[in-house]
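1. Predicted coordinates and the sequence they were generated for:
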Amino acid sequence: MSLVIALHFFPLAALFHLPVYRAPASAGSIICITALLIPPTQLGPDSRLVLNGVGFGTVMWATAAYCVLYSERVGAVSRNDMPVPI
């Protein structure tokens, strides 16, 4: 499910003109795919869930913190007042 959530950030980046959303989409997708592709015998099923949950949660919290800290800049890019990508 977290892979689907991560992939939703790609169209959101284009829809709201926020290139900052490409980073969580890419990082979240990489973490989720990595957790899916690791064989269960290597890490164990619970460890894969922990890797996915903690990794994706960290990406989401980091994105939220960035958007809060730089909210004026993110808003300016979204309104096309600032043509420079974040």
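-> Received the coordinates, thanks. Residues are numbered from 1 along each chain as shown.
2. Report all helices and strands that the helix or strand containing Leu49 contacts.
-> Using DSSP states H and E, the element containing Leu49 is helix 45-69. Helix 45-69 is packed against helix 2-15, helix 22-37, with contacts defined by 3 or more Cβ pairs under 8 Å, 6 or more residues apart in numbering; DSSP states H and E. Every C-beta, even on glycine, is put in place using the N, C-alpha and C of the backbone.
3. Just name the most buried of those helices.
-> Mean neighbour counts were compared across those using mean count of other Cβ atoms under 10 Å; the top stretch is helix 22-37, at a mean of 17.
4. orientation of that one relative to helix 2-15 in degrees?
-> On the basis of axes from the mean of the first three to the mean of the last three Cα atoms, to 10 degrees, helix 22-37 is oriented at 160 degrees to helix 2-15.
5. Indicate which one of the helices and strands packed on helix 45-69 is closest to Val77.
-> helix 2-15 (10.7 Å; Cβ to Cβ).
6. which strands and helices sit next to that closest one?
-> So helix 2-15, by 3+ Cβ pairs under 8 Å, 6+ apart, packs with helix 22-37, helix 45-69.
7. among the helices and strands packed on helix 45-69, which is nearest Ala62?
-> The nearest among those, by Cβ to Cβ, is helix 22-37 at 7.7 Å.
8. Low-confidence stretches in the protein?
-> Counting by pLDDT under 70, the ranges of the chain that qualify are 80-86.
9. Recalculate using a threshold of 80.
-> Scanning the chain for pLDDT under 80 picks out 44-45, 74-86.
10. out of the helices and strands packed on helix 45-69, nearest to Gly55?
-> Minimum separation from Gly55 across those (Cβ to Cβ) falls at helix 22-37, 3.8 Å.
11. what's the angle from the closest one to helix 45-69?
-> Using the same axes, to 10 degrees: helix 22-37 against helix 45-69 is 180 degrees.
12. what about helix 22-37, distance to the chain center?
-> 8 Å (Cα atoms, centre = their mean, to the nearest Å).
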